[in-house]
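Trainee: coordinates only, no sequence provided:
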């Protein structure tokens, strides 16, 4: 089942690149190249990515402000996202732009940014709809795409659900054979879309070492966001 889903869906998992520029008042700025995994969820090229992975500088600043308060952070740097591009399975590059994001859920949605009259490429995409739930010990597998130094090769990882977290919203914690990559789709043993790997924000407090690491990285725990949460945002995107 996993092999069949992999062959059918691997081209819907793409590489997204962007440039993030952070500029301090009176100090200039510099750009950072980012490369991340995205999943095409619409025939028009609507693509889901991790908000924190797309713009790690903005995520880190938000973590600092939550932990220390704006008065302690000082002047807030200006963060600009530019040169967003899809790299499709066949190597085609497509300009894209951010249209909607929910930082609390770590969800960001991109669309192709084509010139007027320019025909869009044909996208392989996944249909996202409220899907099945999961329980502890359920088998699951994840589709992803390796980084540039591994030739952006599609890949699959197998794992299982280790916990169902219900507060403040339902997410699934998991164990996986490999490194989890935000933005990757996850399927259950019958091949149904279970959800997407995203970053679950950790609130920093009480001297938590884990929270401090999350603060410095601007990230959190990687969890599976159920497909139902994503489906509810597609119309807004």
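Mentor: Here it is on my side, so go on. Computed from a predicted model, the values in this text were never measured in an experiment. Residues are numbered from 1 along each chain as shown.
Trainee: tell me, what residue is most central in this structure?
Mentor: The residue lying closest to the centre of the chain (C-alpha atoms, centre = their mean) is residue 50, at 2.1 Å.
Trainee: who does that one form a beta bridge with?
Mentor: Beta-bridge pairing of residue 50 under DSSP bridges involves residue 107.
Trainee: ok, now which ones touch it?
Mentor: 36, 106, 107, 108, 182, 183, 197, 198, 199 (C-beta atoms under 8 Å, 6 or more residues apart in numbering). For every residue, glycine as well, the C-beta is placed using N, CA and C.
Trainee: so the fifth one makes contact with residue 197?
Mentor: Read it as residue 182. Yes: under the criterion of C-beta atoms under 8 Å, residue 182 makes contact with residue 197 at 5.2 Å.
Trainee: common neighbours of the two, please.
Mentor: Joint contacts of residue 182 and residue 197 (C-beta under 8 Å, 6+ apart) are 50, 222.
Trainee: show me what secondary structure element comes after the one helix or strand in the chain whose mean pLDDT sits lowest.
Mentor: When the helices and strands of the chain are scored by mean pLDDT, DSSP states H and E, helix 209-217 comes last with a mean of 43. Beyond helix 209-217 on the C-terminal side, the first helix or strand identified by DSSP states H and E is strand 220-226.
Trainee: what residues does that next one touch?
Mentor: Contacts of strand 220-226 (C-beta under 8 Å, 6+ apart): 52, 105-107, 131, 133-134, 140, 161, 165, 170-174, 180, 182, 186, 194-202, 214.
Trainee: please apply the same query to stretch 111-129.
Mentor: The contact list for stretch 111-129 (C-beta under 8 Å, 6+ apart) reads 9, 11-12, 39-48, 84, 86, 88-89, 92, 94-97, 99, 185, 193, 227, 230-231, 234.
Trainee: quick one: the strands in the protein?
Mentor: 13-24, 28-40, 47-50, 78-87, 93-102, 107-112, 139-145, 154-165, 171-176, 185-188, 193-201, 220-226 (DSSP state E).
Trainee: kind regards, and thank you for your time.
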